[in-house]
Every structure is written in C-alpha cells, then in structure tokens.
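Undergrad: Build me a model from this:
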Amino acid sequence: MRALRWFAALASVVAMAGCTGGNKSGSAPAPSTTVDAALAAQVPAPIRSAGVLIVATDPIYEPSEFKPDGKNVAGFDVDLFNAVAGKLGLRTQWKTVGFDDIISGVRAGTYQVGVSSFTVRKDREGQVTMVSYFTAGTQWASRPDALVDPDSACGKKVAVQSSTVQVTQLEAASKACTDGAKPAIQIDQFLAQADATAAVSSGKDDAMLADSPVCGYAVKQAKGALTLVGKIYQPTRYGYVLSKDQPDFGAAVARALRQLMAEGTYGEILDRWGVSSGGISDPAINP
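TA: Model (predicted):
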C-alpha cells in the first residue's frame, strides 16, 4: 500500500533532472514532463527507492553530449534521456566516464544507464540491453578550398574520433585502397571529436567523418571553415545501454520514449538541437 500511495503522488508531479557535483559529474535540466505511474512501477526497486538514475556518458561528442561550460553536460542525448527519466519518476545524475569504460561500468552496476551515442551492435547486445532512440549515418566533411571526395580518399589523412564505427569504416576503405594498389588512408584518431574537427580546420588533416548529427553540428560551428561532402550512408540506430538482467526496465524506457513521441516532447528536443532528421517512431529493445 505504501508503494501504491507513492506512485499515486508521483503521477501529479512534474519531474526534473537533479544536480550533481564534482569534477567527474554534471547535470542538465530535463524538459518538464509528467510522471507515468505505471512505468515508474517497472523501475527496479533499488533505483526506484533512491529516486535517482546514475547515467554514464563521455561528454565530448557535440551535439549529442558535451560540456559547453566545462562543468555541466548538455546536448540532445542529455535532454532526451532526462525527459525519459522524468517519465519514470526519476532524477538523473550524470557521470563523466571514458567511452570504452561505460559498458563495463553498467555491467558491473557502477552506473544504471549508459547514454553516449552508442550505435546498436550485436556484440554490444550480447553484453547489455540496448534501447533504440535515434538513427544516424556517417557523414564526411573537409575544407571548402580543398574538397575531398569520400569515394576517392586513398592517400588522404582523415581525422576521426577513436572507438567509433567510423574507425572501422575507414579501416575497410583503406584496405580497399591498398588492395587496389593505391596509397592507404592515413587514419588520424582523436579522443574528442572537437580535436578531430580542429585537425581538419587547421589543415593538419584533409577530411573527417563522424556520425551525421555530429558532423553537421561541427560544420555549423566552424562557420564556413568546413563543409559537408558526399552523402550520409550506413544509417544505424543509437541505443541506451542498460544492464542485461533488467528487461522490464528496458521495456519501461522504450514505453517512456513512445509517450514522449506521442506528446511531442521528443520532436521538440530534436528540433532544438537541429537533429530532427534522425528521429525514429519505433524505439525497441535490442533491435
């Protein structure tokens, strides 16, 4: 009975993201959204009792997740997941974590969720539960005065963020070059997308590629120093990372996304960040 009264009270509350402190964490306010008591009931008891979701992110990937003021996380990933948490009656506590350490941290229970532009892949689905919420492809960019054709990049020096699907794509393209007796692509990897962008803007590298919303945002911020080249290709889904032993929690997250879509909040958030072209209508568990 105590839990039932708690959920009834939550249903009339406007949920907002909580603030966190310290150099390793940050926070951003959630768009206002009413709590859904039925969905809140599906949250694992320890998380529901605490009222807080510990969310791991690597905030170096504009406009998905980054720290514009050096302290607090922001981006469309952040706004959207804060709204999801609000539907579940939870606040969020964002922790800055290296990208390669997020999945292992979720598996170990250090974090309840990983939100960091993870592409949905079978190898990841074998380790964690993934809930799709967005779609992105790969896009190239170069300087307007030194355009690079993505289909003829052999011998070019190309900037890319490490541990992304684009590294794999470049490795395959480089092999195709050498198999055809052409010079290999020089793959210049960076921990932060901003550094990859700067390498091209400065002339150090010839071109870059990244997820389409990231590349488009980088070009917009470059104010004419960069331009998009080629077409978006190999679209894939982004997914939230949750523990593999919490399928009901994953189902609740997917349903929360559908509610946000139905009420218009999902579209408003994507529009605000200029990434509405990546919106989906069918969030799913391990798609």
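Undergrad: now could you export just the CA positions of the one helix or strand Q234 maps to as CSV?
TA: Counting by DSSP states H and E, the element that carries Q234 is strand 227-242. The C-alpha coordinates for strand 227-242 follow below in CSV (Å, rounded to 0.1, in the frame of the first residue of the first chain):
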residue,chain,number,x,y,z
THR,A,227,31.7,21.9,-45.5
LEU,A,228,29.9,18.7,-45.8
VAL,A,229,30.9,16.4,-48.6
GLY,A,230,29.2,13.3,-50.0
LYS,A,231,26.0,11.7,-48.9
ILE,A,232,25.0,10.3,-45.5
TYR,A,233,25.5,6.5,-45.6
GLN,A,234,25.2,3.4,-43.5
PRO,A,235,22.4,4.6,-41.2
THR,A,236,22.2,2.9,-37.8
ARG,A,237,20.4,3.2,-34.5
TYR,A,238,21.7,4.8,-31.3
GLY,A,239,20.7,2.9,-28.2
TYR,A,240,20.7,3.4,-24.4
VAL,A,241,22.8,0.9,-22.5
LEU,A,242,21.2,-0.9,-19.6
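Undergrad: Going by neighbour count, list what's buried in it.
TA: L228, V229, G230, I232, T236, R237, Y238, G239, Y240, V241, L242 (16 or more other C-beta atoms under 10 Å). Every C-beta, even on glycine, is put in place using the N, C-alpha and C of the backbone.
Undergrad: hey, where'd the helices end up in the stretch 1-150 of the chain?
TA: Ranges of helices in the stretch 1-150 of the chain, per DSSP state H, counting those that start in this stretch, are 2-10, 37-40, 45-50, 76-87, 99-108, 122-125.
Undergrad: Pick the most deeply packed of those helices.
TA: Ranked by mean neighbour count under mean count of other C-beta atoms under 10 Å, these are led by helix 76-87, which reaches a mean of 27.
Undergrad: Quickly list the domain ranges of the chain.
TA: In terms of domains, the chain is parsed into 2-136+236-278, 137-235 (source: automatic domain parsing).
Undergrad: avg pLDDT for the longest one?
TA: So the one you mean is domain 2-136+236-278. Regarding domain 2-136+236-278, the rounded mean pLDDT is 84.
Undergrad: Neighbours of V97, how many?
TA: Close neighbours of V97, defined as other C-beta atoms under 10 Å, add up to 22.
Undergrad: ok, now which ones touch the closest residue to it other than its chain neighbours?
TA: Closest residue in space to V97, ignoring its immediate chain neighbours: A56 at 4.2 Å, by C-beta to C-beta, 6 or more residues apart in numbering. A56 makes contact with K95, V97, D101, I102, G105, V106, T110, Y111, V113, G114, V115, S116, according to C-beta atoms under 8 Å, 6 or more residues apart in numbering.
Undergrad: How are the strands of this protein distributed by residue range?
TA: 14-15, 25-26, 33-34, 52-57, 60-61, 65-66, 91-96, 113-114, 129-142, 157-161, 186-190, 207-211, 227-242 (DSSP state E).
Undergrad: which one of the buried residues of strand 227-242 is nearest V219?
TA: Checking the buried residues of strand 227-242 against V219 with C-beta to C-beta, the nearest one is L228 at 5.6 Å.
Undergrad: pLDDT value on that closest one, please?
TA: On the pLDDT scale, L228 gets 90.
Undergrad: give me the beta-bridge partners of it?
TA: Beta-bridge partners recorded for L228 (DSSP bridges): A141.
Undergrad: Centroid-nearest residue for this structure?
TA: Closest to where the C-alpha atoms of the chain average out (C-alpha atoms, centre = their mean) is S117, at 2.2 Å.
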